[in-house]
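K.L.:
Give me a 3D structure for the following:
(chains A and B)
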Protein chains: 2
Amino acid sequence: MKFGVVIFPSKKIQDFANSFRKRYDSNYALIPPHITLRSAFTATEEEIRDIAQKIGEIARSFEPVTINITKFSSFTPVNNVIYLKVEPSEKLEKLHTELKLNFESDQEYNFVPHITIGQKLSDDEHSDVFGSLRMDKVSFTESVDRIHLLYQLENGSWTVYETFRLGKE
Amino acid sequence: MKFGVVIFPSKKIQDFANSFRKRYDSNYALIPPHITLRSAFTATEEEIRDIAQKIGEIARSFEPVTINITKFSSFTPVNNVIYLKVEPSEKLEKLHTELKLNFESDQEYNFVPHITIGQKLSDDEHSDVFGSLRMDKVSFTESVDRIHLLYQLENGSWTVYETFRLGKE
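P.N.:
Numbers count the residues shown, from 1 in each chain, chains lettered A, B, ... in the order given. Predicted structure coming up:
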């Protein structure tokens, strides 16, 4: 099975992100708006119990994390993903690193915290959409007090396996 | 905000349910296959913290619950919902009752544990689909060790707020 670890931002931010994802994100129906902390990794249903326990330990060793969303950005020219930029912070970076250190990873990118709002756009569509969004002001700040371990179903959608509170037994 | 409490069965059962939901369930993209323990109720983001704590206490006072799925069934003539029947059990009933007693409820139906696989079908479609499924054998038994508190986004989809392990601190 494929697993991943994410932050779901508040309803307010999810609703905002979905207003764009609906049109531009081919994964719109497969997963709610999220910040990926640990991208898809493979484990069996037996292995995941130990992994979940380890993630729980990591989560408890953290305090809630503040996230700042400051603008629309894009991974172009690497790919045509448009996203809400989450300002990097030491705490987010540390959370990502701990989750990465503790598990086999085939993660090939640096950690750029973000909420995807568009992907698999043609070059022209990407240009149009990002061109009109890049100047827009976005400003959200909130405290995140939980992370979620998800698994993927055969249809590509994601279900939550477990929630872990940051800094809480 | 609208909240609800559900059980997500194992990936195997979810994949099985989705093979039907894809064609027959208008909520297919809004929520993974689930057993509703507490149907949609309204609370503010502040209230939900206390509610979540109370659900946590209830969950901890339970042991994991065995669920048995035995056949396809339908709520006809009340409505045209087709579902996987989860055999009622004392434990499931008790879990539902505790969740109901502790919160204001506008639940107007008896508790019939089930996993919806089709809804909002026309009478003819319901007849055809249920007619062909009702004789099929279905047999799943598994232990459920967690329940999930969800909230609904503006687009109608559901996000997990928190997971509670049954019988575990």
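K.L.:
For chain A, what lies in contact range of chain B?
P.N.:
A:1, A:8, A:10-11, A:14-15, A:18, A:22, A:29, A:32, A:45, A:146, A:148, A:151, A:153-155, A:157, A:159-163, A:165, A:169 (C-beta under 8 Å from any C-beta of the partner chain). To be clear about C-beta, it is placed using only N, CA and C from the backbone, and glycine gets the same treatment.
K.L.:
Among these, name the ones in helices.
P.N.:
Judged by DSSP state H, helices contain the following of these: A:K11, A:Q14, A:D15, A:N18, A:K22.
K.L.:
What does the pLDDT read for the third one?
P.N.:
The confidence metric pLDDT takes the value 97 at A:D15.
K.L.:
check contacts around it.
P.N.:
With contact taken as C-beta atoms under 8 Å, 6 or more residues apart in numbering or on different chains, A:D15 is in contact with B:L153, B:E154, B:N155.
K.L.:
pLDDT weak spots in chain A?
P.N.:
A:102-109, A:169 (pLDDT under 70).
K.L.:
Would you map the strands across it?
P.N.:
A:2-7, A:35-42, A:65-74, A:82-86, A:114-118, A:140-144, A:146-152, A:158-165 (DSSP state E).
K.L.:
Can you name the residues in contact with the third one?
P.N.:
Just to be clear, that refers to strand A:65-74. Residues from elsewhere that reach strand A:65-74 (C-beta under 8 Å, 6+ apart): A:7, A:9, A:13, A:35, A:80-87, A:89, A:91-92, A:95, A:113-115, A:117, A:126, A:130, A:133-134, A:136-144, A:166.
K.L.:
Kindly reformat the strands of chain A as JSON lines containing mean neighbour count and distance to B:S74.
P.N.:
Shown next, in JSON lines, are the strands of chain A (neighbours: other C-beta atoms under 10 Å in any protein chain shown; distance: least, C-beta to C-beta, whole Å):
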{"stretch": "strand A:2-7", "mean neighbour count": "21", "distance to B:S74": "33"}
{"stretch": "strand A:35-42", "mean neighbour count": "19", "distance to B:S74": "37"}
{"stretch": "strand A:65-74", "mean neighbour count": "18", "distance to B:S74": "45"}
{"stretch": "strand A:82-86", "mean neighbour count": "22", "distance to B:S74": "43"}
{"stretch": "strand A:114-118", "mean neighbour count": "23", "distance to B:S74": "39"}
{"stretch": "strand A:140-144", "mean neighbour count": "15", "distance to B:S74": "42"}
{"stretch": "strand A:146-152", "mean neighbour count": "22", "distance to B:S74": "30"}
{"stretch": "strand A:158-165", "mean neighbour count": "21", "distance to B:S74": "25"}
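K.L.:
Make CSV from those strands and add distance to B:I67 to it.
P.N.:
Shown next, in CSV, are the strands of chain A (distance: least, C-beta to C-beta, whole Å):
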stretch, distance to B:I67
strand A:2-7, 23
strand A:35-42, 27
strand A:65-74, 36
strand A:82-86, 38
strand A:114-118, 35
strand A:140-144, 33
strand A:146-152, 18
strand A:158-165, 16
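K.L.:
and of those strands, who's closest to B:F41?
P.N.:
strand A:158-165 (19.1 Å; C-beta to C-beta).
K.L.:
Could you list every helix and strand in contact with the closest one?
P.N.:
Judged by 3 or more C-beta pairs under 8 Å, 6 or more residues apart in numbering or on different chains; DSSP states H and E, strand A:158-165 is in contact with helix A:47-60, strand A:146-152, strand B:146-152, strand B:158-165.
K.L.:
can you list contacts of it?
P.N.:
Contacts of strand A:158-165 (C-beta under 8 Å, 6+ apart): A:3-4, A:30-31, A:48, A:52, A:55-56, A:58-60, A:145-153, B:8, B:11, B:14, B:32, B:146, B:148, B:160-163, B:165.
K.L.:
One more pass at 6 Å, please.
P.N.:
Residues outside strand A:158-165 that contact it (C-beta atoms under 6 Å, 6 or more residues apart in numbering or on different chains) are A:31, A:52, A:55-56, A:59, A:146-152, B:8, B:32, B:160, B:162-163.
K.L.:
Same question for stretch A:45-57.
P.N.:
Contacts of stretch A:45-57 (C-beta under 6 Å, 6+ apart): A:A43, A:N102, A:L149, A:E162, A:F164.
K.L.:
Try it again at 7 Å.
P.N.:
If you take C-beta atoms under 7 Å, 6 or more residues apart in numbering or on different chains as the criterion, stretch A:45-57 is touched by A:M1, A:F3, A:V5, A:A43, A:L99, A:N102, A:F103, A:L149, A:Y161, A:E162, A:F164.
K.L.:
how much space between the nearest residue to the third one once chain neighbours are set aside and B:K54?
P.N.:
Nearest residue to A:V5, sequence neighbours excluded (C-beta to C-beta, 6 or more residues apart in numbering or on different chains): A:R38, at 3.8 Å. Computed with C-beta to C-beta, to the nearest Å, the distance linking A:R38 and B:K54 is 31 Å.
K.L.:
Show me the beta-bridge partners of the closest residue to A:R134 other than its chain neighbours.
P.N.:
The shortest distance from A:R134 to any non-neighbouring residue, by C-beta to C-beta, 6+ apart, is to A:F72 (5.6 Å). A:F72 has these beta-bridge partners by DSSP bridges: A:L84.
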